[in-house]
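**Q** here is my input; please provide its structure:
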Amino acid sequence: MLERRVARALMDAARGAVLFIRKCRWEGRVGAPDYIILRDGRAYFVETKAPGEKPRPSQLVEFAAIGAAGVPVAVVDSIHAAFAVVHAIAGDKT
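**A** Take a look at the predicted model:
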C-alpha cells in the first residue's frame, strides 16, 4: 500500500467527522508533518507514512519540538491508524 492511500483515508475520515484538515507545505523546514487538523481551537499534526515506514531522524526532532510547544503529532502508517487518530481527535463527533 502506498502512502497516498493512507493520506486519502486520513482526509476522508477527517472530513467525515466534520474536522478541518489541510495538507501543509512548509518553507524552510525539514521534517515537518504532512497535515494539520483543527478542532475547537486546538491543532493536531499528522504525518502519513507507507505501511511499516518510520519517521526520519529530522522528522523526530521536528515532531519533538512541536510536541514541546503543546501541539500533538501523530504518525499513521495504515488506514486503520488514520481512522483511529481521527476518532481520537473528533471524540463524540464520529
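**Q** so which residues of the chain form helices?
**A** Applying DSSP state H to the chain gives helices spanning 3-16, 57-68, 79-90.
**Q** adding mean neighbour count and mean pLDDT, write the ones you listed out as a markdown table.
**A** To be clear about C-beta, it is placed using only N, CA and C from the backbone, and glycine gets the same treatment. Listed next are the helices of the chain as a markdown table, based on neighbours: other C-beta atoms under 10 Å; pLDDT from 0 to 100:
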| stretch | mean neighbour count | mean pLDDT |
| --- | --- | --- |
| helix 3-16 | 18 | 96 |
| helix 57-68 | 14 | 96 |
| helix 79-90 | 18 | 97 |
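**Q** looking at the ones you listed, which is nearest to Arg39?
**A** Of all the helices of the chain, the one in closest proximity to Arg39, counting by C-beta to C-beta, is helix 79-90 (5.8 Å).
**Q** report the angle between the closest one and helix 3-16.
**A** 30 degrees (axes from the mean of the first three to the mean of the last three C-alpha atoms, to 10 degrees).
**Q** okay, helix 79-90 in CSV with CA atoms only?
**A** Extracted in CSV, the C-alpha atoms of helix 79-90 (Å, rounded to 0.1, in the frame of the first residue of the first chain):
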residue,chain,number,x,y,z
ILE,A,79,-5.8,3.1,7.0
HIS,A,80,-6.8,1.8,10.4
ALA,A,81,-4.4,4.1,12.2
ALA,A,82,-5.7,7.1,10.2
PHE,A,83,-9.2,6.4,11.3
ALA,A,84,-8.1,5.8,14.9
VAL,A,85,-6.3,9.2,15.0
VAL,A,86,-9.4,10.9,13.6
HIS,A,87,-11.7,9.2,16.1
ALA,A,88,-9.4,10.3,19.0
ILE,A,89,-9.4,13.9,17.8
ALA,A,90,-13.1,14.0,16.9
